[in-house]
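Asks: sharing a model that was predicted from the sequence below.
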Amino acid sequence: MRRWPMSSKADAPIAVKFDHVTKTYKLYENDRQRFLSVFSSRDKRKLITKVNASNDLSFEIKKGEAVAFLGHNGAGKSTALKMITGVTFPTKGTVTVNGAVSALLELTAGFDNQLTGRENIYLRGHALGLDNEQIATLEPKVIDFADLGVYIDQPVRTYSSGMKARLGFAFAVSSDPEILVVDEALSVGDKQFQQKCFARVREIMEDEDVTVIFVTHASAAAQEFCTRGIVLEKGAMQFDGPIQEAIDFYENHG
Ligand SMILES: Nc1ncnc2c1ncn2[C@@H]1O[C@H](COP(=O)(O)OP(=O)(O)OP(=O)(O)O)[C@@H](O)[C@H]1O
């Protein structure tokens with residue numbers, strides 16, 4: 001299989017590195033068996049099968065690159081992203097990430113419903129290791145982008161799901177990320193807000209220093225935002241190269 005180090009970024013520092021990464025999920029007959037397996041390795045009969053969501057993946061992404069992960073349902077795109085954002089870990093191999101990651105994935109995960117929107121900005125900021133002063137700088141930007149009016153000082157439990165997503169998105173894009181991970185399937189709020197989101201993502205992507213990792217089924221979006229494409233199938237890498245070649249490969253090997 002071809003590998004493609006992007007020449008213009010060849011000397012740039014490494015932002016993300018996968019070194020022979022395999023992520024194996026075990027499927028059990030039911031949740032009880034899954035739970036029991038934590039305590040006992042004796043009874044393996046209820047283990048139905050194992051799935052390699054990532055299968056011996058090795059690649060490097062340099063600082064400032066914009067890379068699309070292409071692949072059909074279940075190809076392993078989300079699993080690779082989750083290892084970059086630290087939501088899940090490899091079973092084998094190592095994942096190295098250099099830089100602050102901002103993920104446009106599960107935007108509303110981690111909000112405390114009893115706290116107000118404003119308080120949740122502080123909660124999330126502290127969870128990311130920011131101090132009060134840094135969060136105070138971020139706060140007006142997040143509030144302005146989320147555009148929730150008086151609701152910003154109401155408990156998050158009173159928000160609609162679209163309003164929660166707006167707050168999550170606003171936080172993710174206000175913090176000038178070094179590595180931005182975007183799932184294209186993400187839809188945030190109404191059409192008008194979606195357009196505002198895309199405009200902001202485009203603005204971040206245009207910053208040469210930001211590394212962008214974009215997951216999509218659709219080639220048009222990949223072509224617009226990225227210069228390099230990695231095609232996954234059954235957790236394994238099928239192709240790594242310039243975006244147009246990656247799209248051709250993806251479309252012809254479907
Ligand atoms: N928590 C889990 N437990 C068991 N299997 C899982 C789990 N998460 C993912 N998988 C399996 O791992 C494989 C890869 O899934 P993944 O979500 O990474 O694919 P994807 O390329 O993002 O798919 P999609 O385009 O549908 O979002 C699939 O077979 C999926 O069923």
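Replies: Arrived safely.
Asks: show me where this structure has helices.
Replies: Using DSSP state H, the helices of the chain run over residues 31-37, 77-85, 117-127, 132-146, 161-174, 191-206, 219-225, 243-252.
Asks: let's have the ones you listed in CSV, adding distance to the ligand, mean neighbour count and mean pLDDT.
Replies: Where you see a C-beta, it was placed from the backbone N, CA and C, and this is true even at glycine. Output for the helices of the chain, formatted as CSV (distance: least, Cβ to the nearest ligand atom, whole Å; neighbours: other Cβ atoms under 10 Å; pLDDT from 0 to 100):
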stretch, distance to the ligand, mean neighbour count, mean pLDDT
helix 31-37, 9, 13, 68
helix 77-85, 3, 22, 91
helix 117-127, 22, 19, 93
helix 132-146, 26, 16, 94
helix 161-174, 18, 22, 86
helix 191-206, 19, 14, 80
helix 219-225, 13, 17, 76
helix 243-252, 12, 17, 93
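Asks: would a markdown table of those helices with distance to V101 be doable?
Replies: Formatted as a markdown table, those follow (distance: least, Cβ to Cβ, whole Å):
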| stretch | distance to V101 |
| --- | --- |
| helix 31-37 | 29 |
| helix 77-85 | 6 |
| helix 117-127 | 13 |
| helix 132-146 | 16 |
| helix 161-174 | 10 |
| helix 191-206 | 13 |
| helix 219-225 | 17 |
| helix 243-252 | 22 |
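Asks: ok, L115 - contacts?
Replies: L115 makes contacts with L123, P155, V156, as judged by Cβ atoms under 8 Å, 6 or more residues apart in numbering.
Asks: and the residues you listed, which is closest to G76?
Replies: Distance to G76, by Cβ to Cβ, is smallest for L123 among those, at 31.4 Å.
Asks: I figured that closest one hits N113, correct?
Replies: No - with contacts counted by Cβ atoms under 8 Å, L123 stays clear of N113, the gap being 11.2 Å.
Asks: looking at the helices of the chain, which is closest to G64?
Replies: The closest of the helices of the chain to G64 is helix 191-206. By Cβ to Cβ, the value is 10.5 Å.
Asks: ok, and what's touching that closest one?
Replies: Contact partners of helix 191-206, identified using Cβ under 8 Å, 6+ apart, comprise 66, 104, 145, 147, 162, 166, 169, 173, 177, 180, 182, 187-189, 210, 212, 225.
Asks: and D207, how many neighbours does it have?
Replies: Look at D207: counted by other Cβ atoms under 10 Å, it has 14 neighbours.
Asks: quick one: it and the ligand, what's the gap?
Replies: Using Cβ to the nearest ligand atom, to the nearest Å, D207 is found at 26 Å from the ligand.
Asks: got the contact list for that residue?
Replies: By Cβ under 8 Å, 6+ apart, D207 has no neighbours at all.
Asks: how much space separates A218 from V212?
Replies: A218 sits 16 Å away from V212, going by Cβ to Cβ, to the nearest Å.
Asks: specify the beta-bridge partners of K23.
Replies: Listed by DSSP bridges, the beta-bridge partners for K23 are S54.
Asks: so it sits against K50, correct?
Replies: No - in this structure K23 lies outside contact range of K50 using Cβ under 8 Å: 10.7 Å.
Asks: out of those two, which sits in the more crowded spot?
Replies: Each of K23 and K50 has its neighbours counted (other Cβ under 10 Å); K23 has more, 23 against 10.
Asks: now the more buried one: how far from M163?
Replies: Distance, K23 to M163, by Cβ to Cβ: 33 Å.
Asks: same thing with E206?
Replies: 28 Å.
Asks: quick one: buried residues of stretch 152-161?
Replies: I152, V156, Y159 (16 or more other Cβ atoms under 10 Å).
Asks: now intersect those with the strands, please.
Replies: Assigned to strands by DSSP state E, none of the buried residues of stretch 152-161 qualify.
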